[in-house]
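1. Here is a sequence with its predicted model. Questions after.
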Amino acid sequence: GAVVSQHPSRVICKSGTSVKIECRSLDFQATTMFWYRQFPKKSLMLMATSNEGSKATYEQGVEKDKFLINHASLTLSTLTVTSAHPEDSSFYICSARDMDKSNYEQYFGPGTRLTVT
Amino acid sequence: QKEVEQDPGPLSVPEGAIVSLNCTYSNSAFQYFMWYRQYSRKGPELLMYTYSSGNKEDGRFTAQVDKSSKYISLFIRDSQPSDSATYLCAMSAGYGNNRLAFGKGNQVVVIP
């Protein structure tokens, strides 16, 4: 149980284009999902907290107009990188919390590697 | 001072050795402590989860939390080459805000 999927697993796009990454909780419902960014050999950096049915909460320094987050249902959150540039190339990982569990575990997706050329 | 400190290593051990990893933290509000394992180019996988102080054992893995010292540890007994991965500690204060604070991660290599 507690499986989180991400799509696509890797994507290459040209500078200036937009890319959408999906995060799905497959066997549980998640009112809250999190989006992280990870650079090589670095830890995870929280970008934003996505709440179903409301606006996402962005961490300091993260441009909300560049990284659009939509949490349209209890099993799906999307991250859209708009007008991507090479510096946006990174490993993007989402996580989700099972709303039916009283603990605070987060389950992570397998990540999406974005390369902007 | 960073919220969570974790020496990034790397750490190389021979197969069968005990691996010892640790993190320190500064926020006394943290109550939930986790260890994640991350293989190269994959998402983190929850390995151990502990609430408050104490020990927790799961197979070859033991997690220890000492809240008085703000220090957590992960021990891997009889290490295997398949244990080669990056291990990240994470913690949360809980109560509605599930924001996780992560350590930098510790790369472990188990040599056959």
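-> Right, received. Where do you want to start?
2. alpha carbons only for contacts and neighbour counts from here, please
-> Noted.
3. got any ranges where chain B has weak pLDDT?
-> Along chain B, the model assigns pLDDT under 70 to residues B:1, B:95-98.
4. just chain A next, same as before
-> For chain A, the ranges with pLDDT under 70 are A:1, A:102-104.
5. Up against chain B, what does it have?
-> Within chain A, the residues that sit near chain B (C-alpha under 8 Å from any C-alpha of the partner chain) are A:42, A:43, A:44, A:93, A:104, A:105, A:106, A:107, A:108, A:109, A:110, A:111.
6. Run a quick neighbour tally on residue B:54.
-> 12 (other C-alpha atoms under 10 Å in any protein chain shown).
7. I'd say it and residue B:71 touch.
-> No: between residue B:54 and residue B:71 there is no contact, the gap being 11.1 Å when judged by C-alpha atoms under 8 Å.
8. Report the set of residues contacting both of those two.
-> Contact criterion C-alpha atoms under 8 Å, 6 or more residues apart in numbering or on different chains; residues shared by residue B:54 and residue B:71: residue B:65.
9. re the thing from before, show me which of the residues of chain A next to chain B are buried.
-> A:43, A:44, A:93, A:104, A:105, A:106, A:107, A:108, A:109, A:110, A:111 (16 or more other C-alpha atoms under 10 Å in any protein chain shown).
10. Generate a markdown table for the residues you listed, with secondary structure as supplementary columns.
-> Below are these laid out as a markdown table (DSSP: H, G, I helix; E, B strand; the rest coil):
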| residue | secondary structure |
| --- | --- |
| A:43 | coil |
| A:44 | strand |
| A:93 | strand |
| A:104 | coil |
| A:105 | coil |
| A:106 | strand |
| A:107 | strand |
| A:108 | strand |
| A:109 | coil |
| A:110 | coil |
| A:111 | coil |
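11. State the distance from residue A:76 to chain B.
-> Distance of residue A:76 to chain B, computed by C-alpha to the nearest C-alpha, to the nearest Å: 17 Å.
12. List the contacts of that residue.
-> Counted by C-alpha under 8 Å, 6+ apart, residue A:76 has contacts A:22, A:23, A:24, A:25.
13. Identify the residue nearest residue B:61 in space, chain neighbours excluded?
-> Of all residues beyond its chain neighbours, the one nearest residue B:61 is residue B:76 (4.8 Å), with distances taken as C-alpha to C-alpha, 6 or more residues apart in numbering or on different chains.
14. these two touch, right, the one you found and residue B:16?
-> No: using C-alpha under 8 Å, residue B:76 is not in contact with residue B:16; the gap is 9.5 Å.
15. Across the sheet, point out what pairs with residue A:93.
-> residue A:36 (DSSP bridges).
16. follow-up on the earlier one: quick one: which of residue B:76 and residue B:16 has more around it?
-> Ranked by neighbour count (other C-alpha under 10 Å), residue B:76 and residue B:16 place residue B:76 first, with 19 against 15.
17. In the beta-sheet assignment, what are the partners of that one?
-> Bridge pairing for residue B:76 - DSSP bridges - gives residue B:19, residue B:61.
18. count of residues packed around residue A:39?
-> Residue A:39: 12 neighbours (other C-alpha under 10 Å).
19. check contacts around residue 90.
-> Unless you meant another one, I'm taking chain A. Residue A:90 neighbours (C-alpha under 8 Å, 6+ apart): A:37, A:38, A:39, A:113, A:114, A:115.
20. I was thinking of chain B, sorry if that wasn't clear
-> Residue B:90 is in contact with B:4, B:33, B:34, B:35, B:36, B:100, B:101, B:102, B:103, counting by C-alpha under 8 Å, 6+ apart.
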